[in-house]
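Generate coordinates for the sequence data below:
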Amino acid sequence: MFEDVIGEVQKAVENSRHWAEKGWPVSFGPRNIAVNTLKEAEALPRTSAIRPEAVNYWKQARLTGNDAGDWGEKAIAALGAGNIKGAADALYFSQYLEKPFTEFSRTWQPLYDAFLARFRPN
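Residues are numbered from 1 along each chain as shown. Here you go, the predicted structure:
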């Protein structure tokens, strides 16, 4: 019954676990230098004034994406058990974790909204 939703959540888990590698457009420093992935941030010269900021940002994106993915896996387990409320709670927390990056990551918030529209738990 929930196979399609489980598939969507699995895609979101995979996507969020790779936010730092796939990246998105983001700029750092007063000159707005684009550093769009963790790999790009780590490749900056160690003397670069923006390197610490960019590396920190992308490491935080990686940690947050992995944490959100962990909660996505909890949603999958809940769906497998037929527990819609448990799945909704786990998806809520995934989208909550994503909030600092939602403008760019666009992973959990749309999924959570679609889930609620379809399965509004009481």
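
what's near enough to touch the residue lying farthest from the centre of the chain?
Largest separation from the mean C-alpha position in the chain: residue 47, at 29.9 Å (CA atoms, centre = their mean). If you count contacts by CB atoms under 8 Å, 6 or more residues apart in numbering, residue 47 has none. Every C-beta, even on glycine, is put in place using the N, C-alpha and C of the backbone.

can you give me the helices for the protein?
3-16, 19-22, 38-43, 51-80, 84-98, 102-105, 108-119 (DSSP state H).

what about these, which gets the closest to residue 28?
The closest of the helices of the chain to residue 28 is helix 51-80. By CB to CB, the value is 4.9 Å.

Show me which residues of that closest one are buried.
By 16 or more other CB atoms under 10 Å, the buried positions in helix 51-80 come out as 51, 53-55, 57-58, 61-62, 64-72, 74-76, 78-79.

How about stretch 91-106?
91-95, 97-98, 101, 105.

want to try CSV for those residues, with pLDDT and distance to residue 32 as columns?
Formatted as CSV, those follow (pLDDT from 0 to 100; distance: CB to CB, whole Å):
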residue, pLDDT, distance to residue 32
91, 98, 34
92, 98, 34
93, 98, 33
94, 98, 30
95, 98, 28
97, 98, 27
98, 98, 24
101, 96, 18
105, 95, 20
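
Now the residue farthest from the centre of the chain: phi and psi?
When read as degrees, to the nearest 10, the backbone of residue 47 gives phi -90, psi -10.

and if you look at residue 45?
According to degrees, to the nearest 10, residue 45 has phi -60, psi 140.

Run a quick neighbour tally on residue 35.
25 (other CB atoms under 10 Å).

cool, and residue 83?
16.

Then the one 3 residues further on?
Using other CB under 10 Å as the criterion, residue 86 is surrounded by 16 other residues.

list the contacts for it?
Listed by CB under 8 Å, 6+ apart, the contact set of residue 86 reads 74-75, 78.
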